[in-house]
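Asker: Quick one, fold the following:
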Amino acid sequence: MTEEILRIFGFNSVPIPEKWNLSLPISPKINKDHLQRSISESLVGKGFSEVMNNSLTKSSYVSALGMGELKDEHSVRMLNPLSQDLDSMRQTLLFGLLENIERNQNRQSPNLRLFEFGKTYAKYTSGYFESQQLILCMTGQLNSDNWLTPEKGKETLVSYYHLKGMVFGILDRLGFAGQYVEKEVKNALFADGQTIELHKKTVAECGWATTEQVNAFGIKNPVFFAVIQWDVLMELLNRVKIDFSELPKSFATRRDLSLLLDQKVNFSSLRQTAMQTERKLLKSVGLFDVYEGKNLESGKKSYALSFILQDGDRTLTDQEIDACMQKIQINLEKECGAVLRN
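Answerer: Residues are numbered from 1 along each chain as shown. This is a model prediction of the structure:
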C-alpha cells in the first residue's frame, strides 16, 4: 500500500536527506544450505557420489525388514497411491540406498561410496514427524583395480572403520572435534555398530546392514552405513565456538604406553579419559598397535597408545612430561582397568 501511494505522489517529490545513518544487522543464524553444500563437496572430494531418491517408497520394506522404531503403524501411507512401489513415505533413507547398490551391482559397479541428504517421515500418536538426515553408505573394494592393488582375490574391502572415519571427519569439520561420546548402538536397523552422542543427544549411528537386508536386495558384499541426524547437528552448532591461536613455538613430545585391557574396553574411552586428565598439554592420543592372541589371558587384549604433549610457548621438561604421563596412567588404571605391560 505504501509503495502504491508513493507512485501516485511521485518518488521524485519525496525529499531525501543529505546524510543517512544505517546499522548493518549481524545475523547469528546458521546458513544451513551453505553447510550442506560444504559437507557435500567434502564427501565428493573423498570419492563419494550423491544420490537423490524418491521420498515415496514401498511399505513392504518396513513390513519385511523393519526393526526397532520402523513399524507399519508409523508409516505415512498415500490415500491414492500410483503403485505399490510408491504407497508410503520413507521412514529411513537406507532402503533407497540399498536399491541404488543393487542396481549398480547388477551393472558391474559393486564398489560404491554413496551419500544422500533427505527427509524421513513417520506418524506417531502425538502427530506426524519429519526430520532431515544425512546417510553415508560404503560397500565393495576400498580402491579400484590398478597395478598397485593386491593380486586378484586379495583386494582390500571397505570396513566399518573407513565409514566411521568419514563420520568423524564430518563432525570435526563442523567444529565438534573431541566432543563426541561413543556408545553401543541400540537401533535394531543395524547388525552392529556404535551410537555417537554430542551433549547427551544422539547425532549419528553407524554400523553395518543386517544379513536380512543385504540378502533381500541380493547384495554380495557387506554394506556399511551411517545415519546422521542433520537437524540435531544444526541445533548444536550454536554451541560451537571457534578459537584462533598462533602456531606453537616449541616442538611436540611423544610418549607411548603399552596397556593390557579387557576386551570390552574401547579406544574412545581410553582417549576420553586421557584427554580429561590432562586438558592443557595433551594434544592427541593415537592407537598404533593392537594384539590379541597367544601369551594373553582369555578375554584380554593389548593396546599400544601414543600421547602427544606440547606447550605452545616453551619446551616441556622431562619432569613435566613424566608427571603428566603418570597422572594419565593412574587414571587409565582407575577408570578403564588398564594394566601397564612391561
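
Asker: Show me which positions of stretch 131-140 end up buried.
Answerer: By neighbour count with 16 or more other CB atoms under 10 Å, stretch 131-140 contains the buried residues 132-140. Yep, even glycine has a C-beta here, placed from its N, CA and C like the rest.

Asker: correction: stretch 269-284
Answerer: 269-275, 277-278, 281-283.

Asker: And those, which two are furthest apart?
Answerer: Greatest spatial distance among these (CB to CB): 269 and 281, at 20.6 Å.

Asker: can you give me the helices for this structure?
Answerer: Taking DSSP state H to define them, one finds helices in the chain at 2-9, 32-45, 59-65, 94-105, 160-173, 211-216, 230-236, 267-277, 318-336.

Asker: Show me what the second one is packed up against.
Answerer: For helix 32-45, the packing partners by 3 or more CB pairs under 8 Å, 6 or more residues apart in numbering; DSSP states H and E come out as strand 49-50, strand 112-124, helix 160-173, helix 230-236.

Asker: how about a cut-off of 6 Å?
Answerer: Helices and strands touching helix 32-45, by 3 or more CB pairs under 6 Å, 6 or more residues apart in numbering; DSSP states H and E: there are none.

Asker: thinking again about what came up before, out of the helices of the chain, which gets nearest to residue 242?
Answerer: helix 160-173 (12.2 Å).

Asker: between the closest one and strand 112-124, how big is the angle?
Answerer: Here helix 160-173 points in a direction 70 degrees away from that of strand 112-124 (axes from the mean of the first three to the mean of the last three CA atoms, to 10 degrees).

Asker: Show me what counts as buried in helix 160-173.
Answerer: Of the residues in helix 160-173, 160, 163-164, 166-168, 170-171 count as buried by neighbour count, 16+ other CB under 10 Å.

Asker: Could you let me know which of those residues ends up closest to residue 33?
Answerer: Taking the buried residues of helix 160-173 together and measuring to residue 33 by CB to CB, the closest member is residue 170, at 16.4 Å.

Asker: Provide a list of residues in contact with that closest one.
Answerer: Counting by CB atoms under 6 Å, 6 or more residues apart in numbering, residue 170 touches residue 39.
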